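Trainee: Fold the following, please.
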Amino acid sequence: MHGRDKTLVTGWFSFLHGEATAGDVLALRRVEEVLRDAGLAYDVVWSPGFRADGAHFADVDPAAYSRLVFVCGPAHGPQVEEVHRRFAHCVRIAVGVSVVDPASPAVTGFHEVLARDAAGAVPTLDLAARAPASPARPVVGVVLTHGQHEYGGRRRHDEVAAGLTRWLAGKDCARLELETRLDAHDWRLCGTPAQLEAVLVRLDLVVTDRLHGLVLALRAGTPALAVDPVAGGAKVTAQARACGWPALVAADRLAEDVLEHWWDWCLTGGRVEARRIGAGFRAADAAADAADGLVAALEAPGVPRAG
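Mentor: Take a look at the predicted model:
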């Protein structure tokens, strides 16, 4: 294939101050699939803010391409108009775009517009809908605390949170930040324990440095990778021991290889163990908790009684 007989694929995910949305990237995957099936050579240009290791407009030689395909989003604005100016020698096609103003130079600059929606036209299916399917990724709830100042100089909460979130950012998973605090007025928070449990039971894994992050995950039958943020261990360590849960990391052992070990275990054998422990919480012969001794304590000699 001749060097110039090549297509540059671009979109809002390519602009320095644009944005890469999940829908736009899936739309790109659909276009890539079509180009590959047709045997057409192409390159994709990315925003350096989203994919630093990809090809960027600043590095692209327009003379290397004879065709340009603009994918998804609105065909509108000065960024799109600049694409027309810089790649004026190319055949330029927009695919799966919204046409807001058909008279706009951003629209009229294309040789052909295969619109997703436009005034007076029948809308077509968004490109993301038929994008190639990807293998499922684990859905991970992240429950962290930055408080617990009662531990004073033993607190390692900031270091633990920074280490965990930095490590999680590199994991190929869907991360969902959760909060055990309830609020009946803030729509972003759960208002009842049942609402939070409805989320936890649907997760593949919980990563937490909170006691109740651990307990509520296991109660839902979901494995938890627990980190004790207190030097020397405190209530998270004690609770993991009480539950018989092994996936516990000490604050001073927050190393990637340790986290990776428990991550792998939680997503394999840990699933079965979490369900077993969660079922045990509700069993007739469940392990004792402090409430089992409450009535006896209330009725003990020397306890003041009303009346």
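
Trainee: alpha carbons only for contacts and neighbour counts from here, please
Mentor: Fine.

Trainee: I'd like the distance from stretch 26-36 to the chain centre, please.
Mentor: 23 Å (CA atoms, centre = their mean, to the nearest Å).

Trainee: So which residues make contact with it?
Mentor: 41-42, 71-72, 96, 126-132 (CA atoms under 8 Å, 6 or more residues apart in numbering).

Trainee: what do you get if the cut-off is 6 Å, keeping everything else the same?
Mentor: When contacts are defined by CA atoms under 6 Å, 6 or more residues apart in numbering, stretch 26-36 is touched by residues 127-128, 131.

Trainee: cool, and stretch 223-232?
Mentor: So stretch 223-232 is contacted by 154-157, 205-209, 214, 236, 247-251, 266, 270-271, 274 (CA under 6 Å, 6+ apart).

Trainee: got the buried residues for it?
Mentor: Buried residues in stretch 223-232, defined by neighbour count with 16 or more other CA atoms under 10 Å: 223-230.

Trainee: got the end-to-end distance for it?
Mentor: Distance across stretch 223-232, first residue to last, is 23 Å (CA to CA, to the nearest Å).

Trainee: Return the subset of the buried residues of stretch 223-232 lying in helices.
Mentor: Secondary structure from DSSP state H places none of the buried residues of stretch 223-232 in helices.

Trainee: what's the longest strand along the chain packed up against?
Mentor: If you go by DSSP state E, the chain has its longest strand at strand 91-99. For strand 91-99, the elements it packs on are strand 67-71, strand 112-118, judged by 3 or more CA pairs under 6 Å, 6 or more residues apart in numbering; DSSP states H and E.

Trainee: Kindly export the shortest one (C-alpha atoms) in CSV.
Mentor: Output of strand 67-71 as CSV, limited to C-alpha atoms (Å, rounded to 0.1, in the frame of the first residue of the first chain):
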residue,chain,number,x,y,z
ARG,A,67,-7.9,10.6,4.1
LEU,A,68,-9.2,11.8,7.5
VAL,A,69,-12.1,10.3,9.4
PHE,A,70,-13.7,12.3,12.3
VAL,A,71,-15.5,10.1,14.7
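
Trainee: Could you give the separation of that strand from the chain centroid?
Mentor: Centre-to-centre, strand 67-71 and its host chain are 29 Å apart (CA atoms, centre = their mean).

Trainee: residues of the helix or strand just after that strand that come out buried?
Mentor: Downstream of strand 67-71, the next assigned helix or strand under DSSP states H and E is helix 78-86. By neighbour count on 16+ other CA under 10 Å, the buried set for helix 78-86 is 79-81, 83-84.

Trainee: what's the answer for stretch 37-44, then?
Mentor: Buried residues in stretch 37-44 (16+ other CA under 10 Å): 41-44.

Trainee: now do stretch 278-298
Mentor: Neighbour-count burial for stretch 278-298 [16+ other CA under 10 Å]: 278, 280-281.

Trainee: Could you pull up the mean pLDDT of that stretch?
Mentor: In this model, stretch 278-298 has a mean pLDDT of 93.

Trainee: start to end distance for it?
Mentor: So stretch 278-298: terminal residues 29 Å apart, CA to CA.

Trainee: What segments of the stretch 51-200 of the chain are helices?
Mentor: Applying DSSP state H, counting those that start in this stretch to the stretch 51-200 of the chain gives helices spanning 78-86, 105-108, 157-169, 193-200.

Trainee: Save the ones you listed as JSON lines, and put in mean pLDDT and distance to Pro62 too.
Mentor: Below are the helices of the stretch 51-200 of the chain laid out as JSON lines (pLDDT from 0 to 100; distance: least, CA to CA, whole Å):
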{"stretch": "helix 78-86", "mean pLDDT": "96", "distance to Pro62": "7"}
{"stretch": "helix 105-108", "mean pLDDT": "97", "distance to Pro62": "18"}
{"stretch": "helix 157-169", "mean pLDDT": "96", "distance to Pro62": "34"}
{"stretch": "helix 193-200", "mean pLDDT": "97", "distance to Pro62": "49"}
